[in-house]
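1. Dropping a prediction and its sequence here:
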Amino acid sequence: MIFNPSRLKLARQRRQYTIKALSEKVGLTSRMVSEYEKERCSSIPPEKTVSAFAQALNYPESFFFEGELTDQIEQKSVSFRSAKSMKASNMHAAIGAGIIGELLNSYFESKFQLVQPKLPELVGEDPELAASMLRSELALGEKSISNMVHILESLGVRVYSLDENTQAVDAFSFWKNDIPFVFLNTKKSGERSRFDAAHELAHLILHKNDEVQGRDKEREADAFAAHFLMPKNTVLSRTNRFLTVSDVIKLKKNWKVSAMALIVHMKNVGAITEWHYKNLIIEASKLGLRTNEIDGIERERSKLISKMLLILKKHGVGISDIARNLSLPYDEVSSMLFDFEVVHRNENPTRSNKKPSLRLVK
């Protein structure tokens, strides 16, 4: 077996240890740990050192001897909403989650025939028009979207959850080998997670292969998400100049969005005046609606992952078996699978005539 430095680096970054911190935990010099992480390290760590790494990082020893992680995810290809204000450790940990997501996706693709990506090519399109075009393509009309995660999965996007203990990583997305990925932080409210999902969808279809990130791209993604979730005509037809925050809290249920997102969108589409907007924001802030929701919705979960785990369960394969197959810690796998700890055998998901039924590949 050959020790793979890239896997040591991945495990360290996932646990958010600096080289110095890890070296202190395993009783080595920083220089030695750094050497073990080099792509062409001149020395191979002895068995006891590998055991120390495994214990310190809570990763199976076998993980460090699996295939080389040569096809890394480049930081510039990943869309982060607050990239400039994020700590490097948070960013590296999130990108590490993306690599693990790829490993999980490869596992599932080896077992199932998954929907192939079918996202429209809308690079450079106006966000509002792009949102309308996609709604039309999906035959949504102007009705409320019942589940954003399901929409993404119907388009062939691989959606995974994040259990990052930080609000700095809202969500992120990237294309890899023509497969689109979206990762959603489970620390967010259900409403904000829906908006994040629509925001990342915007990056996938409006900014594909665009390595230039910045505020303009984030504004475009926000505009797309708002129009995709809250079509302008429906917002204009349901709002008036006498709206209070209590009215907003009731109205937001129509589109399953946060109160703040609805207030901002009402202003942007001309449903309320600037003065009205400022007053609503002040009132909403006093109620704590910048960070929390009143009468919030449940966080959306993956239907695809639920189906796959159900089928695997019937074949005697659980999350712990998947983790063992990939030589990954159980917590890393379960936290990325929307924490489907128990898959109910009586689940009877509805089938759509537009999508092939999911089946295990033997």
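-> Sure, I can see it.
2. from here on, contacts and neighbour counts on C-alpha atoms
-> Fine.
3. so how many other residues sit close to Asp216?
-> Asp216 sits with 10 neighbouring residues when counted by other CA atoms under 10 Å.
4. same deal with Val333?
-> Counted with other CA under 10 Å, Val333 comes out at 22.
5. repeat for Leu138
-> 12.
6. I'd like the numbering to begin with 88 instead of 1 from here.
-> Done: numbering now begins at 88, and the last item shifts to Leu225.
7. low-scoring stretches of the stretch 188-337 of the chain, by residue?
-> 252-254, 299 (pLDDT under 70).
8. So which residues of it form strands?
-> 245-249, 258-263, 266-272 (DSSP state E, counting those that start in this stretch).
9. So which of these is nearest Gly185?
-> strand 266-272 (7.7 Å; CA to CA).
10. Just the C-alphas of the closest one, formatted as CSV.
-> Taking C-alpha atoms only, strand 266-272 is exported to CSV below (Å, rounded to 0.1, in the frame of the first residue of the first chain):
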residue,chain,number,x,y,z
ILE,A,266,-21.4,17.3,-13.4
PRO,A,267,-22.9,20.2,-11.3
PHE,A,268,-22.6,20.0,-7.5
VAL,A,269,-24.4,22.1,-4.8
PHE,A,270,-23.7,21.9,-1.1
LEU,A,271,-26.1,23.4,1.4
ASN,A,272,-25.3,24.2,5.0
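11. Buried ones in it, by neighbour count?
-> Pro267, Phe268, Val269, Phe270, Leu271, Asn272 (16 or more other CA atoms under 10 Å).
12. Could you find the closest non-adjacent residue to the fourth one?
-> Leaving aside its chain neighbours, Phe270 sits nearest to Tyr247 (4.9 Å; criterion: CA to CA, 6 or more residues apart in numbering).
13. In contact with that neighbour, which residues?
-> Gly188, Phe268, Val269, Phe270, Leu271, Ser389, Met423, Leu424, Phe425 (CA atoms under 8 Å, 6 or more residues apart in numbering).
14. how about CSV for those residues, with distance to Ala289 added?
-> Below are those laid out as CSV (distance: CA to CA, whole Å):
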residue, distance to Ala289
Gly188, 20
Phe268, 12
Val269, 11
Phe270, 14
Leu271, 14
Ser389, 19
Met423, 22
Leu424, 23
Phe425, 22
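15. so how many other residues sit close to Glu189?
-> Counted with other CA under 10 Å, the neighbours of Glu189 add up to 18.
16. all helices for the stretch 288-437 of the chain, in order.
-> Counting by DSSP state H, counting those that start in this stretch, the stretch 288-437 of the chain has helices at residues 302-316, 319-325, 332-338, 346-355, 361-373, 390-401, 406-412, 417-423.
17. quick one: which of those helices is nearest Val137?
-> That would be helix 406-412 among the helices of the stretch 288-437 of the chain, by CA to CA, at 17.9 Å.
18. Which residues does that closest one contact?
-> Under CA under 8 Å, 6+ apart, the answer for helix 406-412 is Leu396, Pro416, Tyr417, Val420, Ser421, Glu428.
19. want to try CSV for the strands of the stretch 188-337 of the chain, with distance to Ala285 as columns?
-> Shown next, in CSV, are these (distance: least, CA to CA, whole Å):
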stretch, distance to Ala285
strand 245-249, 12
strand 258-263, 10
strand 266-272, 10
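20. Quickly list the domain ranges of the chain.
-> 92-157, 163-316+388-449, 319-373 (automatic domain parsing).
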